[in-house]
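**Q** Give me a model of this one.
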Amino acid sequence: MVFTDTGSSMVRVLDLDDGKVEKEIDGIGTTPAAIYPTSDYKSVVVNFRALHEFFLVHSGLSLESHGDHADVSKSDPTKFSIEGKCTDCKLPTHFSGGYNRMVIFFDGTSAPQNEPTVRSRAVAIDDRLSMLADTTKKTLDSRIEFDSTWMAPQHGIAVPLAQDVFLVSLPNPAFNSSACATPHTSCDSLSSQFKAVKKTASGNVDVAWNTPRDCPGYHGHAMGMGGWHAIGCGNGRGGINLQNSYFLAVKYSNDAIESFNVKYHEAGGSIGTFVGHDNQAVLVGVYNKDGSRSFVRWRGGDKSYTVNDVMAVPAGVIPVSYGFEMVSGKVFVAFYTSGEVKLYDVSSSWKELASLKVVEPFTSTSKYQLVLGYHKMYLLDPDQSKITEIDIKDDSVLSTGRSFTVTGKPTAGVVIGMTPMEALEAACGGGEESHETFSAGVQLTYAAGSFVMAIAVSILNLHM
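**A** Presented below is the predicted three-dimensional model:
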């Protein structure tokens, strides 16, 4: 478990087997803005956005395959820095993974009129670099495999669609106009369009779309099983007409792109966050209208959804943490300010499977966080410097497990160490063994405690 505490840049690595801190790592002068897993789940990116810097921490876990099973081995966690900066690579914000690539999106600047030469940039590097012995000797420039340099500043994103194809956001023209020298409501940094770009030997070329796809007020993206991407539109302050807003559905296959708009179920609201899982066909969005929130389920490829796919969050309650259980993706988990953790089956409807009260009701969404793991969750309590394990049994039963007292104030996290598919493969490995029957009906044996969690402060910068 890699964790930081509020007000400190120190990063510490906790072994979940024995509860001991394995390593302490100096940060870069301030609390990290956020952390992200790499696509191979072997490392985390620790992002110091305001300082235009980031580094990686490798878990120290590796797998040795033996055909029908894999053994898990541990070594010392390692910090990997990428020295040097690419030109004008400022405000690293969104880190997206896939196809062994990590795409780093640099917003550029929050005041384009004051920094007219700064651009937003999306650069892709091989995220397996954390396994290379010479990583610390390489500059970011030397690692770039894809680069988009044509874009004005924006709070955007770039996502790998295939090995050499990327979905890239385009900026809101108003944000970069001279009229925004005095900020007003249309001066929104959120992106307004998307284009698909293919990396070729001679450069970057547009793919499939003759014109970019509109998505005014972009915020929120996820991918589900089958390669469907959901992209939230209609957010922000950009004078967007929310009466006819929608999210954008995208899929790339066979060198072609399918895309269409999915209209929201009512006027006046939008989805600013999506979550998905590689083994789950349903994606879930967090819908916001006038401060009230709902969860929306959308099956990838459907042209629409209905009000039956919408689950309203009770008035006065806020969902703090949410997502799919990491191994199978079968159940959706939500943690609320009511102090409750709930499991849902979202395969065909919103079916509540289990509920567990883990703390008393609270009001501040930064008081606790819930981190999803492999058949487990971890409740982070920064005030008490405590992390409590919550078990998910048979995708339908919740119970509290061990607690760790840690140094610092853990406030956000990512479980790393192996991909969900590797977790299943490692299920037959050695070590202390217990047995679990998975939904496929195959009994597997897994080595207890063979995962690392990365804990850090997460700050959602909806606007620059």
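**Q** Report the residue spans of the stretch 351-464 of the chain with pLDDT below the cut-off.
**A** Within the stretch 351-464 of the chain, the ranges that satisfy pLDDT under 70 run 424-464.
**Q** Which parts of it are strands?
**A** Assigned by DSSP state E, counting those that start in this stretch, the strands in the stretch 351-464 of the chain fall at 351-357, 369-372, 376-381, 386-393, 397-405, 413-416, 433-437, 443-447, 452-455.
**Q** tilt between the first one and strand 386-393?
**A** Between the axis of strand 351-357 and that of strand 386-393 there is an angle of 150 degrees, by axes from the mean of the first three to the mean of the last three CA atoms, to 10 degrees.
**Q** for strand 351-357, the distance to its chain's centre please.
**A** 24 Å (CA atoms, centre = their mean, to the nearest Å).
**Q** Within its sheet, name the partner strands of that strand and how each one runs.
**A** Sheet pairing here is set by DSSP bridges, and for strand 351-357 it gives strand 340-345 (antiparallel).
**Q** Could you quantify the relative orientation of the partner strand and strand 376-381 as an angle?
**A** Using the same axes, to 10 degrees: strand 340-345 against strand 376-381 is 150 degrees.
**Q** contact partners of strand 340-345?
**A** 311, 330-336, 350-358, 370, 377, 379, 390, 392, 395-396, 398 (CB atoms under 8 Å, 6 or more residues apart in numbering). Every C-beta, even on glycine, is put in place using the N, C-alpha and C of the backbone.
**Q** Number of residues surrounding residue 276?
**A** 24 (other CB atoms under 10 Å).
**Q** I should have written residue 252 there, sorry.
**A** Neighbours around residue 252, by other CB under 10 Å: 23.
**Q** Quick check, it in contact with residue 223.
**A** No - if you go by CB atoms under 8 Å, residue 252 and residue 223 don't touch, sitting 10.5 Å apart.
**Q** Spell out which strands sit alongside whichever strand or helix holds residue 286 in the sheet and which way each one runs.
**A** Under the criterion of DSSP states H and E, residue 286 resides in strand 280-289. Strand 280-289 pairs in its sheet with strand 270-277 (antiparallel), strand 292-299 (antiparallel), by DSSP bridges.
**Q** re earlier: of the strands of the stretch 351-464 of the chain, which approaches residue 150 most closely?
**A** strand 413-416 (31.6 Å; CB to CB).
**Q** And residue 108, how far from residue 254?
**A** Between residue 108 and residue 254 the computed distance is 34 Å (CB to CB, to the nearest Å).
**Q** on that earlier part again, roughly how far out does the strand holding residue 286 sit from the chain middle?
**A** Using CA atoms, centre = their mean, the offset of strand 280-289 from its chain centre is 14 Å.
**Q** residues of it that come out buried?
**A** Neighbour-count burial for strand 280-289 flags 280-288 (criterion: 16 or more other CB atoms under 10 Å).
**Q** can you check stretch 344-355 too?
**A** 344-346, 350, 353-354.
**Q** Repeat that for stretch 164-182.
**A** Here stretch 164-182 shows 164-172, 174-176, 180 as buried, counting by 16+ other CB under 10 Å.
**Q** Low-confidence ranges, this structure, go.
**A** 65, 67-70, 82-87, 128-143, 149, 181-186, 208-210, 236-244, 424-464.
**Q** mind listing the helices for it?
**A** Using DSSP state H, the helices of the chain run over 140-143, 420-425.
**Q** just to revisit the earlier point, return the most buried member of the strands paired with strand 280-289.
**A** strand 270-277 (a mean of 23; mean count of other CB atoms under 10 Å).
**Q** Distance from that strand to the middle of the chain?
**A** On CA atoms, centre = their mean, the centre of strand 270-277 falls 10 Å from that of its chain.
**Q** Residue 350 touches residue 312, doesn't it?
**A** No - applying CB under 8 Å as the test, residue 350 and residue 312 come out as separate, 9.9 Å apart.
**Q** Residue 194: what's it in contact with?
**A** Taking CB under 8 Å, 6+ apart, one finds 167-170, 212-213, 215, 218, 231, 248, 250 in contact with residue 194.
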